[in-house]
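Q: From the sequence below, what's the structure:
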Amino acid sequence: MDIGLYQSAASLASLERWQDAVAQNITSSQVSGYRKRTVEFSTQSGGEWHLDPSVSTTGDTTQTAVFPKTTAGINFQAGEPQPTGRDLDVAIEGKGFFEVEQADGTKAYSRDGAFTVRSDRTLVDSSGAEVMSTSGSAITLLPNGAKVVINRDGTVMQGNSTVARIGVQDFTDPRQLTPVAGGLFVPGKDQEAVPVEKPMLLQGYSEASNVTPMREMVDMVLISRSYDANQRLIKSADEQMQKTLDALG
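A: Numbering: from 1, shown residues only. Predicted coordinates:
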C-alpha cells in the first residue's frame, strides 16, 4: 500500500475546505460586519505501517503515517468603521454584538448595524430581524417622524423623547458562536449573552468586514499551487503502481 497516495488525497480534501473558506471570504468581503472564516492546519496520526527490513538503516521498521487535519474557525477581529451619513447606520467600537430577534422568535447576534425602519416603525437589521433594546423588546420609533439620534451608549432619541436603548451583548468565548445566514451568529446551548455595560456606538457609520481581499487572493493562489502539486504526486504514485503491476504480470 502506498501511504503517500492516501496522504496526498487527504491533502486535497483539506485544501478544498480551505478553498471554500477563502471563496466565502472573497464573496462576503463587502458585507457590513462580516467575520472572516479561517481554516487551521495540523496533523493527526493515521496508524503505523512497516517498512521492508532490508531497506531500514536503523533497524526500526515501524513508521507512523501522518495525515493533515483542518479546523474551521472565525476571526472576530473588528473591521474598520466607515462613514455612511445615514442616521440608522450604527457601528460598534470594541467588543459586542447587536441582539436581534428572528421571525421564529429566536435570538441571534450580529455586527451589522445597517438598520432600517419597517412599515410599523420597528427598527430592523438588513435581514429583517427586529433589533432588540436593553429591555429585551423590539425598538419602535415614534410616529412624529422626528430625526433619530443614537447616542454613544446606544440611547435612541427623537427630539426630546427617549425611544429606547439599543442592546449590545457579548459572550465569554465568541469562537463558540455558530454562523447562520444573513451574517448572524447563534449561541450554543450552554452559552449566555452578557450585556455590555458601557457600549460605544457610532451613529452614521457602518463596520466593514475584517476581510483583506488581497490576502484572500494570495491564499487562493497558494491553494491552487498546492492542489496541483498533490495531484502530480497522486499521478506519479499511480503510474508507479501500474508499472509494478505490469512487471509482475
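Q: which helices and strands sit right next to the single longest helix found in the chain?
A: Counting residues, the longest helix in the chain under DSSP state H turns out to be helix 213-248. If you count contacts as 3 or more C-beta pairs under 8 Å, 6 or more residues apart in numbering; DSSP states H and E, helix 213-248 packs onto helix 3-27. Glycine gets a C-beta too; all of them are placed from N, C-alpha and C.
Q: thought residue 11 was touching residue 228?
A: No. The criterion here is C-beta atoms under 8 Å, and residue 11 misses it with residue 228 at 11.6 Å.
Q: Would you map out the domains in the chain?
A: Domain ranges of the chain: 3-76+211-248, 81-207, per automatic domain parsing.
Q: which of the ones you listed is buried the deepest?
A: Highest mean neighbour count of the domains of the chain: domain 81-207, a mean of 16 (counted as mean count of other C-beta atoms under 10 Å).
Q: following the helix or strand bottoming out on mean pLDDT in the chain, which helix or strand comes up?
A: When the helices and strands of the chain are scored by mean pLDDT, DSSP states H and E, strand 36-50 comes last with a mean of 81. Sequence order places strand 62-75 as the next helix or strand after strand 36-50, per DSSP states H and E.
Q: so how far is that next one off the chain centroid?
A: 20 Å (C-alpha atoms, centre = their mean, to the nearest Å).
Q: which non-adjacent residue is nearest residue 99?
A: Counting by C-beta to C-beta, 6 or more residues apart in numbering, residue 99 lies nearest to residue 132, which is 4.2 Å off, once chain neighbours are set aside.
Q: same question, residue 172
A: residue 194 (7.2 Å).
Q: try residue 213
A: Nearest one to residue 213, counting by C-beta to C-beta, 6+ apart, is residue 29 at 5.0 Å.
Q: Tell me which residues touch that neighbour, please.
A: Going by C-beta atoms under 8 Å, 6 or more residues apart in numbering, residue 29 touches 209, 211, 213, 216.
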